[in-house]
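Engineer: here's my sequence, what's the structure:
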Amino acid sequence: MQTEIFNSFFFQYGRYLQYDLIHSLEQKTRLGRNVDLLITFRKQFDIIITSDLSKEDAECLKKAIKRAVDDYIGDHKNECLNINLASVCHSSFNYGALFKEDFKEIFTSFRTSCGDFKIIDAIEHEENSQEFAKDKDGRSVLIQALLEFNNALSHIFTSVYHGNDDLGNINKAKNHLYRGTLDNYKMFIRLSIKSVKRKNPKLFEEFKDIRMQELLHLGKDVQGKVINNEYLHKQYKELYNKSLPYLDKKSNSQTLA
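Structural biologist: Residues are numbered from 1 along each chain as shown. The predicted structure is shown next:
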C-alpha cells in the first residue's frame, strides 16, 4: 500500500508542477509559487514519511491533497504543461530510498528546523515580512526553506516519473532539504543576533567560528560539511538551542514550541 500512497501523492504533486513550472515567475498570481499549497504538500509528505497509515487514513489523505490541488488550479485548467502523469500513477519506483537512514536523518532535521523557526513569532525583530508566510495556524514559515522543500520534491518526482533513480535525484533532494534546514536556522540567527550578541558575547564568538569554518569549507558537498567534528546543520541547531535563553521576547507573548 505504501507504493500506492506515494504514487497518489506524487500524481497530485505532478498536477501542481504542470502549472507551477510555467507560472512560478508570476509573483502576483495564485498559480505562481503558491505558498499555501506548498505548506500542504510539506505537511502531507511528513505524514506519509513518519506515519503508518491505515487504508482509511490513506484515502482521507488522498482526498485532502486532491481537493487542495483542485482549489489551486481553479478555472485555469488549460494553462499548464502536458506531463504524462499516468507514468506516475503506475510507477515502480522503489520508495525504500526515502526510508534509508541518511534520507530520514536529513528530513527529520528539516522538519525539526521548520518547527524551531516558529519561535520568531515570539521574539522582537525587524524584518521584511515578504520573506515569511503563515501556515493555517498563523505560525511563521520561511518561504526560502519552503522553496527548498519544493525543489526536493521535484527531484523525487523525477525519479518517480522515470521509475528509477539513475539520475541521482534522491541525493539532490537531500541537498535541498539540507539547505532548507540551514536557511531556517540562519534566518533565526539573523533575527536574534543582536540580542544574543548583547547578552552572551561568548555565544556570538561561537557563531563567528562557525561562519569562519563554513567559509573555509566552501566547495565541499553540502551534506559532508563537518565543523568542530560535527555536521554543519547540527552546529546551527546547537547554536539555536543555546540562543533561546538570550532572546528579546515580545511583550505579552509566549514562546510556542
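
Engineer: residues in contact with the residue nearest the centre of the chain?
Structural biologist: Nearest to the geometric centre of the chain sits Phe149, at 3.5 Å (C-alpha atoms, centre = their mean). Going by C-beta atoms under 8 Å, 6 or more residues apart in numbering, Phe149 touches 38, 41-42, 110, 176-177, 180. Using the backbone N, CA and C atoms, a C-beta is placed for each residue, glycine as well.

Engineer: helix, strand or coil for Val141?
Structural biologist: Using DSSP: H, G, I helix; E, B strand; the rest coil, the three-state assignment for Val141 comes out as strand.

Engineer: can you name every helix or strand that the longest helix along the chain contacts?
Structural biologist: Counting residues, the longest helix found in the chain (DSSP state H) is helix 169-199. For helix 169-199, the elements it packs on are helix 101-117, strand 140-142, helix 143-162, helix 201-216, helix 232-243, judged by 3 or more C-beta pairs under 8 Å, 6 or more residues apart in numbering; DSSP states H and E.

Engineer: dump those into CSV; add distance to Asp20 and mean pLDDT as well.
Structural biologist: Shown next, in CSV, are the helices and strands packed on helix 169-199 (distance: least, C-beta to C-beta, whole Å; pLDDT from 0 to 100):
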stretch, distance to Asp20, mean pLDDT
helix 101-117, 20, 94
strand 140-142, 17, 92
helix 143-162, 8, 96
helix 201-216, 31, 89
helix 232-243, 27, 93
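
Engineer: select, out of these, the one closest to Tyr72.
Structural biologist: Evaluated over the helices and strands packed on helix 169-199, closeness to Tyr72 peaks at helix 143-162, with 13.3 Å, by C-beta to C-beta.

Engineer: which of the residues in the closest one are buried?
Structural biologist: Within helix 143-162, the residues that count as buried by 16 or more other C-beta atoms under 10 Å are 143, 145-161.

Engineer: export the helices and strands packed on helix 169-199 to a markdown table and append columns for distance to Asn171.
Structural biologist: Below are the helices and strands packed on helix 169-199 laid out as a markdown table (distance: least, C-beta to C-beta, whole Å):
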| stretch | distance to Asn171 |
| --- | --- |
| helix 101-117 | 9 |
| strand 140-142 | 23 |
| helix 143-162 | 9 |
| helix 201-216 | 21 |
| helix 232-243 | 16 |
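
Engineer: so which of those gets nearest Asn184?
Structural biologist: When these are compared by C-beta to C-beta, helix 101-117 sits nearest Asn184, at 3.9 Å.

Engineer: next SSE after the closest one?
Structural biologist: Sequence order places strand 132-134 as the next helix or strand after helix 101-117, per DSSP states H and E.

Engineer: for that following strand, packing partners?
Structural biologist: For strand 132-134, the elements it packs on are helix 35-50, strand 140-142, helix 143-162, judged by 3+ C-beta pairs under 8 Å, 6+ apart.

Engineer: buried sites along that strand?
Structural biologist: So strand 132-134, judged by 16+ other C-beta under 10 Å, has buried residues 132-133.

Engineer: go ahead and name everything in contact with it.
Structural biologist: The contact list for strand 132-134 (C-beta under 8 Å, 6+ apart) reads 35-36, 39, 120, 140-143, 146.

Engineer: for those residues, which two are the farthest from each other?
Structural biologist: Going by C-beta to C-beta, the pair spanning the contacts of strand 132-134 furthest: Asp36 and Ile120, at 19.3 Å.
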